[in-house]
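Student: Structure of the sequence below:
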Amino acid sequence: MKILAIGNSFSQDSTTYIEDIAESCGRTDILAANLYIPGCPLTKHAENLKTDELEYDYQLRGKGLYKTSIHAALVSDEWDVITLQQVSGDSGLYDTFHPYIDEVYAEVKRLCPNAKILLHRTWAYEEKSGHNRFLDYNRDRDTMDRAIEETYRKISEELGIGIIPVGNVVTDIKKTMPEFDVLNGGASLYRDRFHMGNCYGRYIAACVWLKAICGVDISASTFIPNEAYPPLIKKLNAYINSLTF
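Tutor: Next comes the predicted model:
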């Protein structure tokens, strides 16, 4: 299973641990590459498809290997799955998606007709985030989360493609597991109140990709990120594995 993410630091967050978790579950057939420009919006992806600029870090396990263009990356392998997303601050603003996502989607379909295209549904910022784009959502996490959900659902219906529900699972875990209720002393899933943390946040995101895309039994995972509490990882495994999507 070969996955290519056309994204930014949020797709980096979601793909960094994919191979580590998959291998711990006995799946050595999964590769997840990320095309990375920090803070890259759909407007830039659409532009880069036209100019063929070598602006992207081609990343595996969160590390850049070389510079490439979208076109070169798309034709470099036989991709099974290709993911699209908006930059985080615009993810709940429907008008920022068109016509750019249509242009990227059409070119991906042209170059990789056999690949399945999915939307990477990103997450709302953490409560009390100082990110300047949080102002667009009245600095309210629930407002941002609802806007992202509504926007991605609408885009999904328009393009007829599925969603990797990372942001939904992040919200569910924050609301249902007191260990991650940050306002009441729980551990943060973030490292800076908007990116997923290197410990639990990135782990959760990768597990959602593996379950949603590859059907991996997350309960079998034995991978423990640095500084993670093993019993809590085990609890996360069971919770994510119980979800249906």
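Student: Output the longest helix belonging to the protein.
Tutor: helix 141-159 (DSSP state H).
Student: Can you list the strands that the helix or strand following it pairs with?
Tutor: Sequence order places strand 162-164 as the next helix or strand after helix 141-159, per DSSP states H and E. With DSSP bridges as the test, strand 162-164 is paired with strand 116-120 (parallel).
Student: List the buried residues in stretch 101-112.
Tutor: 101, 103-105, 107-108, 111-112 (16 or more other C-beta atoms under 10 Å). Glycine gets a C-beta too; all of them are placed from N, C-alpha and C.
Student: so of those residues, which ones are in helices?
Tutor: Per DSSP H, the subset of these in helices is 101, 103-105, 107-108, 111.
Student: would you turn these into JSON lines with pLDDT?
Tutor: Below are these laid out as JSON lines (pLDDT from 0 to 100):
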{"residue": "I101", "pLDDT": "98"}
{"residue": "E103", "pLDDT": "98"}
{"residue": "V104", "pLDDT": "98"}
{"residue": "Y105", "pLDDT": "98"}
{"residue": "E107", "pLDDT": "98"}
{"residue": "V108", "pLDDT": "98"}
{"residue": "L111", "pLDDT": "98"}
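Student: Count the neighbours of the residue lying closest to M196 once chain neighbours are set aside for me.
Tutor: Using C-beta to C-beta, 6 or more residues apart in numbering and skipping the chain neighbours, the partner closest in space to M196 is D13 (4.0 Å). The local packing of D13 (other C-beta atoms under 10 Å) involves 27 other residues.
Student: hang on, isn't D13 packed against V208?
Tutor: No - with contact defined as C-beta atoms under 8 Å, D13 does not reach V208; the gap is 11.3 Å.
Student: what about the strands in the protein?
Tutor: For the chain, the strands defined by DSSP state E occupy 2-6, 31-36, 56-60, 63-68, 81-84, 116-120, 162-164.
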